[in-house]
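S.K.: Quick one, what's the 3D model for this:
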Amino acid sequence: MNTIADLRKNYVRGQLSENDVPADPLSLFHTWFEQAKNAQCPEPNAMTLGTADALGKPSLRTVLLKGADAAGFTFFTNYQSQKGQELAERPQAALLFYWHELERQVRISGLVSRIAAAESDAYFISRPLASRIGAWASPQSTEIPNREYLETAEQRFEKQFGTTPPRPKHWGGYCLWAEEIEFWQGRPSRLHDRIRYQRLTTPAPELNNAWRISRLAP
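M.R.: Residues are numbered from 1 along each chain as shown. Model (predicted):
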């Protein structure tokens, strides 16, 4: 039987060159994201979100990307959850997408801020009813006595709000404004391709270049 140390895979599905990538990393991200959807990667918008508390203690969890544009990468959660508290203390975070079927990763880091309440309202209304009720029923990241606690809370809010629950004030969206984005393409012999975009503090509009592009050793 193989041990964990024996598990390995040779990556052969693609390549990535700094000579071929676009000037804007968002363009490449959308291309890769569409390819991940077309390759039927399970939940291609699932991403690992890394935050840290005021003392620098890190924590990770998987959340879902709900938007990606020039403003940044958007996700939603309970503001009173562990990640919400950590983002209030230290408004910086990192994201990681891993698309196994394409042997690709994307790493993103930058500053995080809450989105406008109207945007959170609009997204909240679009969610399934059960998810909207769940946002009220779950005191996310706090200790609860048992499963029945959640189910009782769910029934209570279903009775209270019916089919039109409003958005809880403690629930809404965040946007990560990327300062650095790295695209990783698996290659044979662990000599992977890594292309990093770093946002320039003094962009050069005449060159259509707001990012520095470089290759990193694997």
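S.K.: Count the residues that sit near the residue nearest to Gly186 when sequence neighbours are not counted.
M.R.: In space, and not counting its chain neighbours, Gly186 is closest to Tyr11: 2.7 Å by C-beta to C-beta, 6 or more residues apart in numbering. (Glycine included, C-beta is placed from N, CA and C.) Neighbour count for Tyr11, taken as other C-beta atoms under 10 Å: 18.
S.K.: Tyr11 against Pro188, yeah?
M.R.: Yes - when contacts are counted by C-beta atoms under 8 Å, Tyr11 is listed as touching Pro188 (6.4 Å).
S.K.: Can you give the contact residues for the one helix or strand in the chain whose mean pLDDT sits lowest?
M.R.: When each helix and strand of the chain is scored by mean pLDDT, DSSP states H and E, strand 193-204 comes last, with a mean of 88. Strand 193-204 has contacts (C-beta atoms under 8 Å, 6 or more residues apart in numbering) with 15-18, 21, 25, 110, 178-185, 187, 209-218.
S.K.: The same query, at a cut-off of 7 Å, please.
M.R.: Applying C-beta atoms under 7 Å, 6 or more residues apart in numbering, the contact partners of strand 193-204 are 15-16, 18, 21, 25, 178-185, 187, 209-216, 218.
S.K.: May I have the one helix or strand Phe75 maps to exported as CSV, CA atoms only?
M.R.: Using DSSP states H and E, Phe75 maps to strand 72-78. The C-alpha trace of strand 72-78 is given here as CSV (Å, rounded to 0.1, in the frame of the first residue of the first chain):
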residue,chain,number,x,y,z
GLY,A,72,-12.1,43.1,-7.4
PHE,A,73,-13.3,39.6,-6.3
THR,A,74,-16.5,39.4,-4.4
PHE,A,75,-17.8,36.9,-1.9
PHE,A,76,-20.5,36.9,0.8
THR,A,77,-20.6,35.8,4.4
ASN,A,78,-21.7,36.7,8.0
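S.K.: In its sheet, which strands sit next to it, and in what direction?
M.R.: The strands that strand 72-78 pairs with in its sheet are strand 67-69 (antiparallel), strand 171-185 (antiparallel) (by DSSP bridges).
S.K.: Out of those strands, which is closest to Trp32?
M.R.: strand 171-185 (7.1 Å; C-beta to C-beta).
S.K.: relative to strand 193-204, how tilted is that closest one?
M.R.: Interaxial angle, strand 171-185 versus strand 193-204 (axes from the mean of the first three to the mean of the last three C-alpha atoms, to 10 degrees): 120 degrees.
S.K.: and strand 171-185, which residues are buried?
M.R.: Across strand 171-185, burial judged by 16 or more other C-beta atoms under 10 Å covers 171-176, 178, 180-185.
S.K.: Reformat those residues into TSV and put distance to Gly84 and pLDDT next to each item.
M.R.: Listed next are the buried residues of strand 171-185 as TSV, based on distance: C-beta to C-beta, whole Å; pLDDT from 0 to 100:
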residue	distance to Gly84	pLDDT
Trp171	9	98
Gly172	9	98
Gly173	11	98
Tyr174	8	98
Cys175	14	98
Leu176	14	98
Ala178	20	97
Glu180	23	98
Ile181	24	98
Glu182	26	98
Phe183	29	98
Trp184	29	98
Gln185	33	98
